[in-house]
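> dropping the sequence and predicted coords here.
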Amino acid sequence: MTQKFFFGTDGIRGRVGVSPITADFMLKLGWASGKVFSEKSEGRKLIIVGKDTRVSGYMFESAIQAGLIAAGVDVALLGPMPTPAIAYLTRTFRAQAGIVISASHNPFYDNGIKFFGADGFKLSDAVQKSIESYLDKPLITEDPSKLGKAFRVEDAAGRYIEFCKGTLPPGGNLEGLKIVVDCANGATYHTGPMVFRELGATVIELAVEPDGFNINEKCGSTQPAILQDAVLKQKADMGIAFDGDGDRVMFVDHKGHLIDGDELIFVIAKHRHQNGGCTGVAGTLMSNLGMEKSLNALKIPFVRTQVGDRHVIEALRDRKWKLGGESSGHIVCSDLTTTGDAIVAALQVLYAMRDTSIPLNTLKKEMQKYPQSMINVPIKGDFNLKNYPLIIHAINEAENELKEKGRILLRPSGTEPLVRVMVEGEDPNLVEKIAKRVAAVVEAEAKMSCREL
């Protein structure tokens, strides 16, 4: 029997009710993961389970819980909590693993599963394959004397809030700052504002009333327009936007300008560099060319990885560096935590501002961001770009046109049925023209491929 592969760039994700994002699969996945992690522990078997605010989270939490209990594993239920909080609490509870029920920045009708190991890091390919191998086996419930138990962690939010506050240096505070915080009606709705408020900031809350359906809806880090408006209307010092599961962050400066992950990473990197604490930065293939050149000007080493914070973390661990991330707002401060943490990263940006007494609008100008155009082209099924000569020709033509003053990148999304066409360069008009031209070729080939299917 051929083994099926379910894990993608960031766990398992898809539309609710469509395989594998179904209740019966989640039951089996809970059991399979329970069996794998049980094999790795001779003592107490405990797995942490948290979720974001999607309505389907109730269903999948119950299914995964049942599967874990059937495998003889105890379950600590956190309820709605940011993804990085599950990574942190997995370590503090000395659990064998942490499970996150979330589809991050996707709409409410999607959901997914992410795993953390006992060390708070995402699982290796080998462990993921072990879990997938158990999915092919029949679900056998442990003897009743060996079944697991479940309990709710009542103080989970408080534990995580204290952890976040503790990532600032002793005496660090946010007194005197007026901040608008957009929680995307997601997992940070009860922790994000509280962290900044307890550190002394005046906080105006946005999108903190999740109803199961409004997560990421016209709000959060992927749709920051309401945050930009609110910052200007409230005359705030800045705005901070999280995504649905709290591992991405974007800022808005006091003038209403959006500041993305690359610019935030640069702000943190330069501040650390000035204090002798930045050995290097890991970005991805999507990181802006301007960030790379600005870091090089400071003689800060920079490396690109495949897209996904998991690859960034691997690069940091290999090089013993402490900072990396993506333009989407996944920012990893590995000296403070084990995964991308939006609240922790936001605090590092705020610390750079307070320590230098320089406003964010000025700090981010020190990075000359290259104009960039991103076009998402819908696809269906397996769409290997290398199999389409017209697309290859369009890419080669674009590279010749951009020469040394820009670059083009095409890649299938790891979380959605899309091909992302990204072009960046010095000339914004040329960038836009090339992006549209190449995207049109991809779209035409994708449609032709669908007709052939």
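Thanks, I have it.

> any idea how far apart the tips of stretch 198-217 sit?
For stretch 198-217, the first and last residues are 27 Å from each other (CA to CA, to the nearest Å).

> what lines up beside whichever strand or helix holds residue 408 in the sheet?
Element membership of residue 408 [criterion: DSSP states H and E] is strand 406-412. The strands that strand 406-412 pairs with in its sheet are strand 418-425 (antiparallel) (by DSSP bridges).

> quick one: mean pLDDT for the strand it pairs with?
In this model, strand 418-425 has a mean pLDDT of 93.

> also stretch 327-345?
The average pLDDT within stretch 327-345 is 96.

> check for me that residue 196 belongs to a helix.
Yes - residue assignment for residue 196, taken from DSSP: H, G, I helix; E, B strand; the rest coil, places it within a helix.

> can you give me the neighbour number for it?
For residue 196, the neighbour count with other CB atoms under 10 Å is 23. Backbone N, C-alpha and C define where each C-beta goes, glycine included.

> which one is it nearest to, not counting chain neighbours?
The shortest distance from residue 196 to any non-neighbouring residue, by CB to CB, 6 or more residues apart in numbering, is to residue 203 (5.1 Å).

> who touches the host helix or strand of the one you found?
Secondary structure from DSSP H and E places residue 203 in strand 202-206. The set of residues external to strand 202-206 that reach it, using CB atoms under 8 Å, 6 or more residues apart in numbering, is 177-183, 193, 196-197, 219, 226-227, 230, 234, 236.

> which of those residues count as buried?
Applying a neighbour-count criterion of 16 or more other CB atoms under 10 Å, the buried members of the contacts of strand 202-206 are 177-183, 193, 196-197, 219, 226-227, 230, 236.

> which among these gets closest to residue 39?
Of all the buried ones among the contacts of strand 202-206, the one with the least separation from residue 39 (CB to CB) is residue 183, at 38.1 Å.

> so the closest one touches residue 215, yeah?
No - if you go by CB atoms under 8 Å, residue 183 and residue 215 don't touch, sitting 9.8 Å apart.

> pLDDT of the longest helix along the chain, averaged?
Within the chain, and with DSSP state H defining each element, the longest helix by residue count is helix 428-452. In this model, helix 428-452 has a mean pLDDT of 88.

> what is that helix packed up against?
Helices and strands touching helix 428-452, by 3 or more CB pairs under 8 Å, 6 or more residues apart in numbering; DSSP states H and E, are strand 372-378, helix 389-402, strand 406-412, strand 418-425.

> identify whichever of the ones you listed lies nearest to residue 123.
Using CB to CB and comparing the helices and strands packed on helix 428-452, the one that lies nearest residue 123 is strand 406-412, at 21.7 Å.

> which residues are contacting the closest one?
Surrounding strand 406-412, the residues in contact under the criterion CB under 8 Å, 6+ apart are 285-286, 289, 307, 370, 379, 383, 385, 391, 395, 398-399, 402, 418-427, 430-431, 434, 438, 442.

> per-residue pLDDT of the residue of the chain most remote from its centre, please?
Residue farthest from the centre of the chain, counting by CA atoms, centre = their mean, is residue 145 at 39.3 Å. Predicted confidence (pLDDT) at residue 145: the value is 96.

> just list the residues touching residue 223, thanks.
Contacts here follow CB under 8 Å, 6+ apart; on that basis residue 223 touches 216-217.

> quick check: it is in a strand.
No - assigned with three-state DSSP, residue 223 falls outside any strand and is coil.

> beta partners for the residue nearest to residue 196?
The partner list for residue 203 in beta bridges (DSSP bridges) reads residue 179.
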